[in-house]
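# my questions concern the predicted model and sequence given below.
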Amino acid sequence: MNTFPFFRRIRSTLAAVLAAVVAACGTPPAPEQIDAPVPSDMQQPTAPLAQPGAASTLDAIVRGNSRWQPVAWSELPGFNNDALFEAWNAWLKSCERPGPVFAPLCPEVRRLSIGSEAEQRQWLIDRLQPYRVEPLQGSPTAGLLTAYFEPELQGQRLPGPGFTVPLYQLPANLKARQPWFSRQEIDTLAAAQEALRGREIVYLSDPVQAMLLQIQGTGRIRVTEPDGSVRRVRLAYAGHNGHPYQSIGGWLLNQGELRDASWPGIQAWLKQNPQRVNELMWRNPRVVFFREERLSDFDAAFGPKGAQGVPLTPGRSIAVDPQSIPYGTPVWLASEGPQIALWRLVLAQDTGGAIRGAVRADYFAGWGEAAGELAGRLKQPLRLWVLWPKALPY
């Protein structure tokens, strides 16, 4: 969601990242780099040739809270049009830590990384069986797609004018599953501040940005060091203070303070009500602690590690409910709405606190401004199909 995914398991994901600030639902390159690609609308999908009888002899599979219904490849919208090589990059990452079901296929996945899309598509048809994912109860079409991203922020190693909001390492006296000081107590109690003395990693300029990074569980920071040099680091989730997450955006909505509880909406409200910053921030008692990771040019080309333990790929990694879909599973995703139309192969590589249910996914949009904008708005219907190896146990 390690670090990032573990936090996403316990956090409430933005119901489109910034909408998580809204509704408590769950990780941008450095400025000199180009923003990670965010997919644009794809052409109207066309189905491949049907395989008569391919699914008729198979039984449905019940896994956790979902039922997998075998279907023909012709049911998958857009299967002939997807740029499969993009998904193959994510699949190669999953093969770094494959589960027992997909490990035998990884040599072939690696070999086909230099194959044509036609070869990749035919291999999928030959080696995998599509299953439509349905809930055990309720509507089989009532799925939900949201998105998340990795914020990129400016920070300073030491506090100074305009940079007064600290992000902390784990405090030494933090105990698992036991509530520690709340956000308000950390801001006001001498005992809490003493326990965190020397644990500061960086200072940010904006408390709402700091909370957004805590909600996401990871972020890229351009840190100005005391000597004036600038370096890029990634802050990864290390733990939290044991308090429940509460949505500040949801509170603003409930209070009738605003109608747009998106990231820009909350920022605008704070500019109009600077005297109420603490009142708003303290509505969320949970504080997340981080660890600093080196962010090389190579690492910056990928997202943070998901729950599977491999780096996420923008536009090709999703967070799922692992009780329904195992990590490392290739999934066909179909979603159409006002924000984007998607018909594509993705990999189940992460999870999140609000990612519960059979037909539920959080789409990793990447990093950068465009990714954040998509993540802040995406909330639309979803259909999923798992692509499961033929003649293998489930």
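Cool, the structure landed. From a predicted model like this one, the values you see are computed outputs, not experimental measurements.

# from here on, just use CA atoms for contacts and neighbour counts.
Will do.

# tell me which helix or strand the residue lying closest to residue 187 once chain neighbours are set aside sits in.
Among residues not flanking residue 187 along the chain, residue 193 sits closest, at 7.3 Å (CA to CA, 6 or more residues apart in numbering). Taking DSSP states H and E as the criterion, residue 193 maps to helix 190-195.

# cool, residue 134 as well?
Going by DSSP H and E, residue 134 is part of strand 128-135.

# adjacent strands (with direction) for that strand?
Strands that pair with strand 128-135, judged by DSSP bridges, come out as strand 66-70 (antiparallel), strand 383-389 (antiparallel).

# comparing the ones you listed, which stretch has the densest surroundings?
strand 383-389 (a mean of 23; mean count of other CA atoms under 10 Å).

# kindly format the C-alpha coordinates of that strand as PDB.
C-alpha atoms of strand 383-389 as PDB (Å, rounded to 0.1, in the frame of the first residue of the first chain):
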ATOM      1  CA  ARG A 383     -15.000  -4.500 -13.700                       C
ATOM      2  CA  LEU A 384     -12.200  -7.000 -13.000                       C
ATOM      3  CA  TRP A 385     -11.000 -10.300 -14.500                       C
ATOM      4  CA  VAL A 386      -8.200 -12.300 -13.000                       C
ATOM      5  CA  LEU A 387      -5.900 -14.100 -15.500                       C
ATOM      6  CA  TRP A 388      -5.100 -17.400 -13.900                       C
ATOM      7  CA  PRO A 389      -2.700 -20.100 -15.100                       C
END
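
# for that strand, what is the average pLDDT?
When pLDDT is averaged over strand 383-389, the result is 97.

# which residues touch that strand?
68, 76, 101-102, 127-133, 141, 143, 325, 329-335, 359 (CA atoms under 8 Å, 6 or more residues apart in numbering).

# rewinding a little: residues in contact with the strand holding residue 134?
55, 65-73, 140-141, 357-359, 383-390.

# give me the next element, helix or strand, following it.
Heading C-terminal from strand 128-135 (DSSP H and E), you reach strand 144-150.

# circling back: list the buried residues in the helix holding residue 193.
Within helix 190-195, the residues that count as buried by 16 or more other CA atoms under 10 Å are residue 192.

# got the CA coordinates for it in CSV?
What follows is helix 190-195, C-alpha atoms only, in CSV (Å, rounded to 0.1, in the frame of the first residue of the first chain):
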residue,chain,number,x,y,z
ALA,A,190,6.2,18.9,26.3
ALA,A,191,6.5,15.1,27.0
ALA,A,192,5.6,14.3,23.4
GLN,A,193,7.9,16.9,22.0
GLU,A,194,10.8,15.7,24.1
ALA,A,195,10.2,12.1,23.0
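
# the following helix or strand past that helix packs against which elements?
Downstream of helix 190-195, the next assigned helix or strand under DSSP H and E is strand 200-204. In terms of contacts (3 or more CA pairs under 8 Å, 6 or more residues apart in numbering; DSSP states H and E), strand 200-204 is packed against strand 152-156, strand 165-168.

# just the buried residues out of the contacts of strand 383-389, in ChimeraX syntax.
Selection of buried members from those for ChimeraX, criterion 16+ other CA under 10 Å:
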select :68,76,102,128,129,130,131,132,133,143,325,329,330,331,332,333,334,335,359
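
# what about the residue lying closest to residue 202 once chain neighbours are set aside, distance to residue 224?
Residue nearest to residue 202 in three dimensions, not counting chain neighbours: residue 157, with 4.7 Å by CA to CA, 6+ apart. Counting by CA to CA, to the nearest Å, the gap from residue 157 to residue 224 is 6 Å.

# what of residue 73?
52 Å.

# and residue 125, by the same measure?
Distance from residue 125 to residue 224, by CA to CA: 51 Å.

# could you tell me the model confidence score at residue 267?
Listed pLDDT for residue 267 reads 84.

# quick one: residues contacting it.
Applying CA under 8 Å, 6+ apart to residue 267 gives the contacts residue 208.

# now do the contacts for residue 192.
181, 185, 186.

# gap between the closest residue to residue 131 other than its chain neighbours and residue 318?
Closest residue in space to residue 131, ignoring its immediate chain neighbours: residue 70 at 4.2 Å, by CA to CA, 6+ apart. Look at residue 70 and residue 318: by CA to CA, they are 22 Å apart.

# number of residues surrounding residue 110?
Applying other CA atoms under 10 Å, we find 15 other residues in the vicinity of residue 110.

# state the distance from the nearest residue to residue 243 once chain neighbours are set aside to residue 183.
Counting by CA to CA, 6+ apart, residue 286 is the residue found nearest to residue 243 once chain neighbours are left out, at 4.9 Å. Using CA to CA, residue 286 is found at 6 Å from residue 183.

# between the two, who's got more neighbours?
When neighbours are counted by other CA under 10 Å, residue 286 comes out ahead of the other of residue 286 and residue 183, with 25 against 20.

# so the more buried one touches residue 242, yeah?
Yes. With contact defined as CA atoms under 8 Å, residue 286 reaches residue 242; the gap is 6.9 Å.
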